[in-house]
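**Student:** what follows is a predicted structure for the sequence shown.
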There are 2 protein chains.
Amino acid sequence: MTIERASLRWNGWGPVNQEIMLPDNAPQWAWMAEAIGLKSLPDTKAKPLAEITMAPCRLSETILERLRKIAGAEQVKTDNYERAFHARGKSYHDLLYLRAGLLDMAPDVVVYPRNADEVLDIVKLASVEDITLIPFGGGSSVVGGTNAMAKSLGGGVITLDTTLMTRVIQIDKIAMTATLEAGIYGPALEAALQKHGVTLAHYPQSFQFSTLGGWIAARGAGQQSNRYGKAEKWLISAKLATPKGMWTTESTPASAAGPNLNQLVAGSEGTLGVICEATVKIHEIPARKDYRGYLFKDFKSGVEAARRINHAEIPVAMVRLSDAKETYFFQAFSSTSSQTSLKAKLQRAYLKYRGFGETPCLMLVGHEGDDDTVAWAQSRTEAICTSLGAMKLGTSAGQRWYHGRFGSPYSRDPMMDHGIGIDTLETSTRWSNIENLREKVVAAIEGAISANVPHVDGRGIVMAHVSHSYPDGASLYFTFVFPRQLDREVAQWQAIKRAASDALLENKGTISHHHGVGVDHTPWLKEEKGQIGFDLLKKIKTEMDPKGIMNPGKLLG
Amino acid sequence: MTIERASLRWNGWGPVNQEIMLPDNAPQWAWMAEAIGLKSLPDTKAKPLAEITMAPCRLSETILERLRKIAGAEQVKTDNYERAFHARGKSYHDLLYLRAGLLDMAPDVVVYPRNADEVLDIVKLASVEDITLIPFGGGSSVVGGTNAMAKSLGGGVITLDTTLMTRVIQIDKIAMTATLEAGIYGPALEAALQKHGVTLAHYPQSFQFSTLGGWIAARGAGQQSNRYGKAEKWLISAKLATPKGMWTTESTPASAAGPNLNQLVAGSEGTLGVICEATVKIHEIPARKDYRGYLFKDFKSGVEAARRINHAEIPVAMVRLSDAKETYFFQAFSSTSSQTSLKAKLQRAYLKYRGFGETPCLMLVGHEGDDDTVAWAQSRTEAICTSLGAMKLGTSAGQRWYHGRFGSPYSRDPMMDHGIGIDTLETSTRWSNIENLREKVVAAIEGAISANVPHVDGRGIVMAHVSHSYPDGASLYFTFVFPRQLDREVAQWQAIKRAASDALLENKGTISHHHGVGVDHTPWLKEEKGQIGFDLLKKIKTEMDPKGIMNPGKLLG
């Protein structure tokens, strides 16, 4: 069930031979150029791997031979494609380097162990020999979480790819738990579970190309986290290969036997050990899924609806509220093609008449479960939304989102081919602070883009949505599109990233709601955890990995 | 709002001048004696404090003077009542010592700081001077969690009583969070919140005499945990005074910025620092509470109902299923008094006719929330119960339980006055293992009691119930009553405790679901956490408290 590395883009998203989402002659390009203040779009295609010379392997033949002995000769790879594929993750920042053909950071060898025992042997070897070890699942990190950084300059790097470890070890339909090897990809995991009538239902946008172990390591969230929980909520127990040995965490339903250590595994980002297996909460496949749209007059009333839905404890799977710009952008983006533009104009006229002015905000609400629960919950959700003045849009908007829910990442490669930068970041904060934080972060990103554009007319588009909500607050997810400064691309991105991250911390947001810390967020972690908390995390790391070989430079910097 | 120490029993439960629950001439005594195989009950009254000589204070006048300077002279107590009150917690094991007048373990001084800054000053003083510091809230621990053990034999002990710290710092009705000082007792906390229309709704059996900080430190559970969550679930953020300084943990609704450190605070049992303040999730006061009973043919079908209620994700506040013996015992216990015995006989006859034989099991289901939700949830719960053959008992059984829900602890003192021992312990396990674990632990306790009785006819009564449930499993709570071996009381208790705890760990239960580890469960913690997890917890302790002054001997041994 594993996806062959050679079938996947090493420097972009998805299969090598996928249909191009936005071909060069797509009508959207002209509209996009105008939106970000460019007269025309430059050609900024990526450098092909064949034109890139890679540094020679820094590890000795003896080490490679010992890896072959542990995992089998065929599972130890030193070819350029494997090394390039495992060099970095899938962040905009990573893609800048990859597309420019800068592969200084590539691992020296990639090894594919077949089970937890082999993983432990590899961890032990790396530990004894003091070699950097990078755990790697789907490699879809957007914060540099799997980048092949050596602990010391010039040192060798082993990347441990878990994706041959895909077995379902146990499905317990009485306790509704499943134990699986952690290298299994999203689609394979769901296929294996759904064959038995059950589901984990963890559907991040990266679902097709990310793994169970990665979701746990990064404290990931699926799009239906309101119902199924973030990784730290559905994780019951984990088995990690650490430099100290194999560590299996507690697994009782609830306990007062001291702090629960699974909560140190969730979010550990490969710095404590390699997650080899995990026991997770599963659910019956929902008999019914109901996704539908509501249009709010403004963001504020939409946030209020999301809050009330949470506080009424209505069982929702998803509440996704776009701000006005995101609502507009996605409508405009799709309405430039085909015959939808007339329909859009008519809709716009109607909305004005209804008092929605220029700032309508789209909310999509998903309910999943048995027929009774969905019907009951849906009627309650609808009552809250309409009481706050929302217009019912019915199920079509919901279904359209649902069918395209893994689509966004595919648009980035063609955009980067046309001189357009696009990145995302996310946070969470208390309900009363949502609008303030959204405004501050949007302003920070817009400001940083304006100060870092290729020429004076350049400008960014900054959009936001709420997509995960809790009793005490909600997440905010920002998408920003900007004209690339082709002569200082990394500095441009860093300026935007810094401005946004500072604004997050200054305004009581977390540095990440579900992407993790990786490399990119390390400068802000100490402020978020406080000095004492940060020191404690460092001590935990030192206890499990005294030599610091496990994914160095990530999480704690 | 604080409860005066002098108004509370130092060696038992509740106010000094409470009405005696079971007077010497109560009809229940004869029935109880017969049930545990005793011809008559001995008189085993506790030793009064006036007859006990306490060891002199081991701390110097200089230290006491510095404490007075920090917290004010009136907040530093060295009188016998204060020292005795803070010597131990409220476990059966503790009461054996307290009632015998053995107060070797009493603290040398009790200090009542008035805010977090004073707490930090006391922690710093204790740290610099290397003096044992015991955080103490209500002192209701039943696992020795607040016992005044010195880190080194003969060393002095300061007990830090938090109960002057009762301020409500903030109530945020938009985020539905409250920040309070941690020394506030249950009733004062609820009064302060309910004045604003909100509730934490954490109602452990110890509610009247336990504090917010204690609930968090011990990972406690309220009786309505299905709806409101255990402490680790409703804790959002904590402020701890530690030997390293003041530590305020993260507080965003959800985050992927590394492991969440609040989960190390919940269950830390005073070993990392003193919990001074906490931000917690609150709820609107439920408009409706519906508690009602169902009678199942056997324990197995009741467990199946509890599981289905959980998996159907019905919003229940409480599902409490007694095993046959507990169902019978409580009925018998109440029916010996007054006119209920005829009614009980008639009921028994009717139950036999309905096929309930000799093993009916009572389930109490509580729903709390708005009218709509309660009505909807109740109808779904009822459908599940009746589909499994349960008989509806209506709301009277539920209401009776609700009104007496804090009553059980009051029965222990009179029982101990009459030569009867009573203790409880609790665990959790997967659904498929509930019956097996219940049977094994009941057998282990019964066996240990039979091997440790004052004479051959002696026997124990061992009862169990499920009272907290989760998607993957549920808790089990055991109550056991036995004739005390008056010449070897501690050894008798230890034999029972050891047998039960070994049975828990051998059969995949946790050593504690909500009582905590304290002193009594330390021998089993390493097995539960594994060597690597246990070592990690030790390292965390050492990082926060390098000299080991904070509540030594608890949690990690």
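**Tutor:** Looks like it arrived, so ask away.
**Student:** residue numbers of the stretch 301-450 of chain A in contact with chain B?
**Tutor:** If contact is defined as CB under 8 Å from any CB of the partner chain, the residues of the stretch 301-450 of chain A in contact with chain B are A:307, A:311-313, A:315, A:369-370, A:372-373, A:376, A:380, A:427-432. Heads up, the C-betas are built off the backbone N, CA and C, glycines and all.
**Student:** residue contacts, the closest residue to A:Thr359 other than its chain neighbours?
**Tutor:** Taking CB to CB, 6 or more residues apart in numbering or on different chains as the measure, A:Thr359 lies nearest to A:Ala324, with 4.0 Å between them; neighbours along the chain are not counted. With contact set as CB atoms under 8 Å, 6 or more residues apart in numbering or on different chains, A:Ala324 has these partners: A:298-299, A:358-361.
**Student:** so what's the spatially closest residue to A:Ala192 that is not a sequence neighbour up against?
**Tutor:** Leaving aside its sequence neighbours, A:Ala192 sits nearest to A:Val168 (CB to CB, 6+ apart; 4.8 Å). With contacts defined as CB under 8 Å, 6+ apart, A:Val168 is in contact with A:178-181, A:184, A:192-193.
**Student:** torsion angles phi and psi at A:Val168?
**Tutor:** The main-chain torsion angles of A:Val168 are listed as degrees, to the nearest 10 and equal phi -90, psi 120.
**Student:** try A:Leu125
**Tutor:** Here A:Leu125 shows phi and psi, under degrees, to the nearest 10, equal to phi -60, psi -50.
**Student:** counting contacts, what elements does the lengthiest helix in chain A pack onto?
**Tutor:** The residue-count maximum for a helix in chain A (DSSP state H) belongs to helix A:522-544. Judged by 3 or more CB pairs under 8 Å, 6 or more residues apart in numbering or on different chains; DSSP states H and E, helix A:522-544 is in contact with helix A:489-506, strand B:245-248, helix B:522-544.
**Student:** one more pass at 10 Å, please.
**Tutor:** Contacts defined by 3 or more CB pairs under 10 Å, 6 or more residues apart in numbering or on different chains; DSSP states H and E place helix A:522-544 against strand A:235-242, helix A:262-265, helix A:489-506, strand B:235-242, strand B:245-248, helix B:262-265, helix B:522-544.
**Student:** now these as TSV including mean neighbour count?
**Tutor:** As requested, the helices and strands packed on helix A:522-544 are arranged in TSV below (neighbours: other CB atoms under 10 Å in any protein chain shown):
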stretch	mean neighbour count
strand A:235-242	24
helix A:262-265	23
helix A:489-506	19
strand B:235-242	24
strand B:245-248	18
helix B:262-265	23
helix B:522-544	19
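**Student:** among those, which comes closest to A:Met463?
**Tutor:** Shortest distance between A:Met463 and the helices and strands packed on helix A:522-544, using CB to CB, is found for helix A:489-506: 13.1 Å.
**Student:** return the distance of the closest one from the chain's centre.
**Tutor:** Relative to the centre of its chain, helix A:489-506 is centred 18 Å away, using CA atoms, centre = their mean, to the nearest Å.
**Student:** same deal with stretch A:514-533?
**Tutor:** Mean C-alpha position of stretch A:514-533 versus that of the full chain (CA atoms, centre = their mean) differs by 17 Å.
**Student:** with stretch A:547-557 instead?
**Tutor:** For stretch A:547-557, the gap between its own C-alpha mean and the chain's C-alpha mean amounts to 20 Å (CA atoms, centre = their mean).
**Student:** tell me the average confidence for it?
**Tutor:** Confidence for stretch A:547-557, expressed as mean pLDDT, is 97.
**Student:** and that stretch, what's buried?
**Tutor:** A:547-556 (16 or more other CB atoms under 10 Å in any protein chain shown).
**Student:** let me see the backbone angles for A:Thr427.
**Tutor:** Here is the backbone geometry of A:Thr427 (degrees, to the nearest 10): phi -160, psi -180.
**Student:** how many neighbours does it have?
**Tutor:** For A:Thr427, the tally of surrounding residues (other CB atoms under 10 Å in any protein chain shown) stands at 33.
**Student:** before we move on, what about the one 4 residues further on?
**Tutor:** Residue crowding around A:Trp431 was assessed by other CB under 10 Å; the count is 26.
**Student:** what's the answer for A:Ser40, then?
**Tutor:** 10.
**Student:** surely it meets A:Ile420?
**Tutor:** No. Between A:Ser40 and A:Ile420 there is no contact, the gap being 11.9 Å when judged by CB atoms under 10 Å.
**Student:** okay, and the common contacts of these two?
**Tutor:** With contacts defined as CB atoms under 10 Å, 6 or more residues apart in numbering or on different chains, the residues adjacent to both A:Ser40 and A:Ile420 are A:29, A:33.
**Student:** so A:Arg292 touches A:Val374, yeah?
**Tutor:** No. Under the contact definition of CB under 10 Å, A:Arg292 does not touch A:Val374, with a separation of 11.1 Å.
**Student:** which neighbours do these two have in common?
**Tutor:** Residues touching both A:Arg292 and A:Val374 (CB under 10 Å, 6+ apart) are A:366-367.
**Student:** A:Thr166 against A:Leu180, yeah?
**Tutor:** Yes. Proximity of A:Thr166 to A:Leu180 meets the contact threshold set by CB under 10 Å, at 7.8 Å.
**Student:** out of the contacts of A:Val168, which sit inside strands?
**Tutor:** Secondary structure from DSSP state E places A:178-181 of those in strands.
**Student:** nearest to chain B among these?
**Tutor:** A:Ala178 (10.6 Å; CB to the nearest CB).
**Student:** who's the closest one bridged to?
**Tutor:** For A:Ala178, the beta-bridge partners under DSSP bridges are A:Ile171, A:Val280.
**Student:** separation between A:Ala495 and A:Val109?
**Tutor:** According to CB to CB, to the nearest Å, A:Ala495 stands 36 Å off from A:Val109.
**Student:** A:Met363 too?
**Tutor:** Relative to A:Val109, A:Met363 is positioned 48 Å away (CB to CB).
**Student:** just A:Ile314 next, same as before
**Tutor:** A:Ile314 sits 51 Å away from A:Val109 when distances are taken as CB to CB.
**Student:** and if you look at A:Val76?
**Tutor:** When distance is defined by CB to CB, A:Val76 is 6 Å away from A:Val109.
**Student:** so which of the residues of the stretch 301-450 of chain A next to chain B sit within strands?
**Tutor:** Among these, the members that lie in strands (by DSSP E) are A:369, A:427-430.
**Student:** show me which residues of the stretch 1-150 of chain A sit near chain B.
**Tutor:** If contacts are counted using CB under 10 Å from any CB of the partner chain, the residues of the stretch 1-150 of chain A sitting beside chain B are A:Val143.
**Student:** dihedrals phi and psi, the closest residue to chain B within the stretch 1-150 of chain A?
**Tutor:** Sorted by distance to chain B under CB to the nearest CB, the residues of the stretch 1-150 of chain A start with A:Val143, at 8.9 Å. With angles defined as degrees, to the nearest 10, A:Val143 shows backbone torsions of phi -130, psi 20.
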